[in-house]
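just the structure for this:
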Amino acid sequence: MAARRAICLTAVVEVLRSDWLTQGPTIPEFERAMSSRVGARYAVAVSNATAALHIACIALGLGPGQRLWTSPNTFVASANCARYCGADVDFVDIDPDTLNMSVPALRAKLEVAQREGRLPQVVVPVHFGGLPCDMAQIAELAKQYGFFTVEDASHAVGAQYLGDSIGSCRYSDLTVFSFHPVKIMTTAEGGMLLTNNKALWEKLCLLRSHGATRDPEQMVSGSHGDWYYQQVLLGYNYRMTDIQAALGLSQLRRLDDFLARRRALARRYAGLLSDLPVRLQVQSSGALSSYHLYAIRLEAHKVERRQVFERLRAEGIGVNVHYIPIHTQPYYSALGFQAGDFPEAEKYYAGALSLPLHFELTDADQDYIVAALRGALSESAGKTGS
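Predicted coordinates for the structure are as follows:
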């Protein structure tokens, strides 16, 4: 742990001692390293993954009167990005095994939407917990129905699908990564967009930096000199700093170590939990999860999730719940969504519990967590049955 921190600190200190703190050479270096790692042509580093989702929608032309569809089993940012653009949002229910967007549900919803003239402009599949969605089938539907696909891979840095790294954009127009502190690798805050489309890349670069350019080829009229810039569209201050990029580069060099430990812990959890009354996320064929989360599903009719949660928290175990279905949030309820709209996401949430999973978790820690869970389940089952 000390050695890992030293590597990160060294990378950051080098930038602090350089001539660049904000927009310097480390950002494009980080972008090149990430695009090379995942096999995409272009990368755009930004301030956070929410910013990435926002400008992805803008770059794809999403606006009022258009629609974005995503999973209800995700953080609200996956849907909010459409609302920032004035577009409408709808959801596609999840598969009860993988907890990702259900392809049969997506296909059925598209068939109805086509008849009603309400097809989505953008679909955002979310790789929940780091497990890739069935992107090949989603790509076929995108071609058939004419929508853009943005992979919300905030959980999935290092994941693989059918032999390709998530982020290659083989089956999508754009992929979004998150480097928030709780994610697999971090830049403290930060995000990145990957694409193979040069025109999208150029637009994203403008959008993250006020829509301003110093490139004469992007200007409406000629440059006045080396000092000159033009704002050619309405953009935002969504830039990453060189300090953050330096941290990201140092983390990227350790990504394989992070992934190996997470996958080992996930295998170990599966064995330790095998005799407990919980359901695990099913790892679909052809997909290799990055295991950002280790989500389990309690049998809600047998135990009280809140009792289990509070008992584990009282024992110093940082369990959490991912996620409250977006359509049940007050903001989205006010838009007309209601309980019962997406039953699989709601049934999963009723028993959802995420167990601690991180690089520095020891086998002894894991044994303690599972023993405490066993006790909490037994206690809750006794109370529920009494």
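
helices of the stretch 1-150 of the chain, start to end?
Taking DSSP state H, counting those that start in this stretch, the helices of the stretch 1-150 of the chain run over residues 2-16, 26-38, 49-59, 77-84, 103-116, 135-145.

pull out the buried residues from the helix or strand where residue 269 lies.
Residue 269 belongs to helix 255-272 when elements are defined using DSSP states H and E. By 16 or more other Cβ atoms under 10 Å, the buried positions in helix 255-272 come out as 255, 258-259, 261-263, 265-266, 269, 272. Every residue, glycine included, has its C-beta placed from N, CA and C.

point out where this structure drops to low pLDDT.
Counting by pLDDT under 70, the chain has low-confidence residues at 1-23, 384-386.

quick check: chain neighbours aside, which residue is closest to the most centrally placed residue in it?
The residue lying closest to the centre of the chain (Cα atoms, centre = their mean) is residue 154, at 2.0 Å. Once flanking residues are discounted, residue 154 sits nearest to residue 178: 3.6 Å by Cβ to Cβ, 6 or more residues apart in numbering.

need the contact list for the one you found.
If a contact means Cβ atoms under 8 Å, 6 or more residues apart in numbering, then residue 178 has 48-49, 52, 154-155, 157, 190-191 as its contacts.

of these - the most surrounded one?
Counting neighbours by other Cβ atoms under 10 Å, residue 52 leads those with 31 neighbours.

quick one: that one from residue 294, how far?
Note on residue 52: its distance to residue 294, by Cβ to Cβ, to the nearest Å, is 25 Å.

how about residue 171?
Distance of residue 171 to residue 294, given as Cβ to Cβ: 26 Å.

with residue 88 instead?
Distance of residue 88 to residue 294, computed by Cβ to Cβ: 34 Å.

now swap in residue 354 and tell me
From residue 354 over to residue 294 the distance is 6 Å, taken as Cβ to Cβ.

what helix or strand is the nearest residue to residue 139 once chain neighbours are set aside on?
Leaving aside its sequence neighbours, residue 139 sits nearest to residue 171 (Cβ to Cβ, 6+ apart; 4.0 Å). In the assignment (DSSP H and E), residue 171 maps to no helix and no strand.

residues contacting residue 171?
Residue 171 touches 135-136, 138-139, 149, 151, 161, counting by Cβ under 8 Å, 6+ apart.

just residue 201 next, same as before
Shown in contact with residue 201 (Cβ under 8 Å, 6+ apart): 41-42, 44, 195.

assign it to helix, strand or coil.
Look at residue 201: counting by DSSP: H, G, I helix; E, B strand; the rest coil, its state is helix.

how close does the residue of the chain positioned farthest from its centre get to residue 119?
Distance from the centre of the chain peaks at residue 224, with 42.1 Å (Cα atoms, centre = their mean). Residue 224 sits 45 Å away from residue 119, going by Cβ to Cβ.

repeat for residue 363
50 Å.

higher neighbour count, the two?
In this view residue 363 and residue 119 are compared by other Cβ under 10 Å, and residue 119 has more residues nearby, 18 against 11.

for the closest residue to that one other than its chain neighbours, give its distance to residue 358.
Leaving out its chain neighbours, the residue that sits closest to residue 119 by Cβ to Cβ, 6+ apart is residue 113, at 4.8 Å. The spacing between residue 113 and residue 358, counted by Cβ to Cβ, is 40 Å.

and residue 81, how many neighbours does it have?
Around residue 81 there are 29 other residues, counting by other Cβ under 10 Å.

re the thing from before, so which residues make contact with the helix holding residue 269?
Outside helix 255-272, the residues that touch it by Cβ under 8 Å, 6+ apart are 37, 157-158, 184-185, 251, 280, 289-292, 294, 355, 357-359, 361, 363, 366-367, 370.

at 7 Å what do you get?
Contact with helix 255-272 is made by 157-158, 184-185, 280, 290-291, 294, 355, 357, 359, 361, 363, 366, 370, as judged by Cβ atoms under 7 Å, 6 or more residues apart in numbering.

buried among these? Need that as a selection in PyMOL.
A single PyMOL command selects the buried members of the contacts of helix 255-272 (16+ other Cβ under 10 Å):
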select buried, resi 157+158+184+185+280+290+291+294+355+357+359+361+366+370
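
what is the nearest of the contacts of helix 255-272 to residue 318?
Nearest to residue 318 among the contacts of helix 255-272, counting by Cβ to Cβ, is residue 355 at 9.0 Å.

and that closest one, backbone torsions?
Backbone torsions of residue 355, given as degrees, to the nearest 10, read phi -90, psi 150.

which residues sit in contact with it?
Residues in contact with residue 355 (Cβ under 7 Å, 6+ apart) are 269, 294, 296, 319, 369.

closest one of the residues you listed to residue 276?
Nearest to residue 276 among these is residue 296, at 8.6 Å by Cβ to Cβ.

for the closest one, give its distance to residue 174.
The spacing between residue 296 and residue 174, counted by Cβ to Cβ, is 31 Å.

with neighbour numbers in mind, choose between those two.
residue 174 (32 against 19).

got the buried residues for stretch 196-215?
For stretch 196-215, by 16+ other Cβ under 10 Å, it's 196-197, 200-210, 213.

repeat that for stretch 323-336.
323-328, 332.

swap in stretch 223-233?
Along stretch 223-233, these residues count as buried under the neighbour rule (16+ other Cβ under 10 Å): residue 230.

let me see the ranges of the strands in the stretch 251-386 of the chain.
278-280, 287-288, 294-298, 352-355 (DSSP state E, counting those that start in this stretch).
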